[in-house]
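Student: dropping the sequence and predicted coords here.
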Amino acid sequence: MRIATFNVNNVAKRLGNLLEWLADAAPDVVCLQELKVADGDFPAAALAGAGYRGVWRGQRSWNGVAILSRGGAPVPTRDELPGDPGDGQARYVEAAVEGVLVGCLYAPNGNPQPGPKFDYKLAWHARFEAHAAELVAAGVPVVLAGDYNIAPEPRDVYPTRSYDGNALVQPESRAAFARLLAQGWADALRAVQPEGAAYTFWDYRRKRWERNGGMRLDHLMLSRELAGRLKGAGVDREVRGRENASDHAPVWIEIGPAGRRR
């Protein structure tokens, strides 16, 4: 099973890019972020024509997350992150797909920091960590895939001082990511590519794509039950170089079949 995450940065504007990538890569499960459309404007018919059924939570102009499957239809289990009933931002959706529980997230950016947006980022991540701990305790195969808006280590940012004040690299942000690892989650891309840079995002500004000024913000975190089935991982970097591209590239993992129970 190939599971991917892709921040499309406006699914209506970049539907052609998305469909082209789906046809080329043929992932079995896809987590999308930054839909930037209301629920009723999600292109379900076009995606169904490409062989994908989905669950989603949209939000006009901002945010929005979706899970697509080209096998059995995703069975929704949650359409919001628990812990704050007053949080109306569409940043989390969860579904069971082909024996795997898939959580799709679009974490807050947090800029500018310090300030209320950074406070919200950290509070949201604390809720996410609490939910992740519950999923660990459940002992089922889980992938938490999406745009975490955290570059976990200095090597996950191209050599520059221009991001020093950015919320994505602050010690508090990196500590939140490290706490997920301490729960037992596996950072799938790093498990397969433990050395060197592996960027997933290149800002439109300052010609960062042209000079490979990237960051690694998009992650697939695997529970212990799923990590043992990891066969491969990578970044479809060339997608970022296409016309009308998102500023993110898709990230994917290959999962082997579940072992037989005795």
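Tutor: Thanks, I have the structure now. Residues are numbered from 1 along each chain as shown.
Student: in stretch 104-112, what's buried?
Tutor: Cys104, Leu105, Tyr106, Ala107, Pro108, Asn109, Gly110 (16 or more other CB atoms under 10 Å). Backbone N, C-alpha and C define where each C-beta goes, glycine included.
Student: so the first one makes contact with Asn63?
Tutor: Going back to what we said before, that points to Cys104. No - at 11.8 Å, Cys104 does not count as touching Asn63 under the criterion of CB atoms under 8 Å.
Student: anything in contact with each of these two?
Tutor: The contact sets of Cys104 and Asn63 do not overlap (CB atoms under 8 Å, 6 or more residues apart in numbering).
Student: chain neighbours aside, what residue packs nearest to Ala66?
Tutor: Trp56 (3.5 Å; CB to CB, 6 or more residues apart in numbering).
Student: list the strands paired with the helix or strand encompassing that neighbour, with their directions.
Tutor: Per DSSP states H and E, Trp56 falls inside strand 53-57. Sheet pairing for strand 53-57, assigned by DSSP bridges, gives strand 65-69 (antiparallel).
Student: quick one: distance of the strand it pairs with to the chain centre.
Tutor: Remark: strand 65-69 is offset 11 Å from the chain centroid, using CA atoms, centre = their mean, to the nearest Å.
Student: now the buried residues of stretch 104-112 as JSON lines including pLDDT and distance to Tyr52?
Tutor: Putting the buried residues of stretch 104-112 into JSON lines (pLDDT from 0 to 100; distance: CB to CB, whole Å) gives the following:
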{"residue": "Cys104", "pLDDT": "99", "distance to Tyr52": "14"}
{"residue": "Leu105", "pLDDT": "99", "distance to Tyr52": "19"}
{"residue": "Tyr106", "pLDDT": "98", "distance to Tyr52": "19"}
{"residue": "Ala107", "pLDDT": "98", "distance to Tyr52": "24"}
{"residue": "Pro108", "pLDDT": "98", "distance to Tyr52": "27"}
{"residue": "Asn109", "pLDDT": "98", "distance to Tyr52": "27"}
{"residue": "Gly110", "pLDDT": "98", "distance to Tyr52": "31"}
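Student: closest to Trp209 among these?
Tutor: Asn109 (19.0 Å; CB to CB).
Student: check contacts around the closest residue to Gly51 other than its chain neighbours.
Tutor: Leaving out its chain neighbours, the residue that sits closest to Gly51 by CB to CB, 6+ apart is Arg70, at 4.7 Å. Listed by CB under 8 Å, 6+ apart, the contact partners of Arg70 are Ala26, Pro27, Asp28, Val29, Gly51, Tyr52, Arg53.
Student: what about those, which one has the most neighbours?
Tutor: When neighbours are taken as other CB atoms under 10 Å, the top entry among these is Val29 (28 neighbours).
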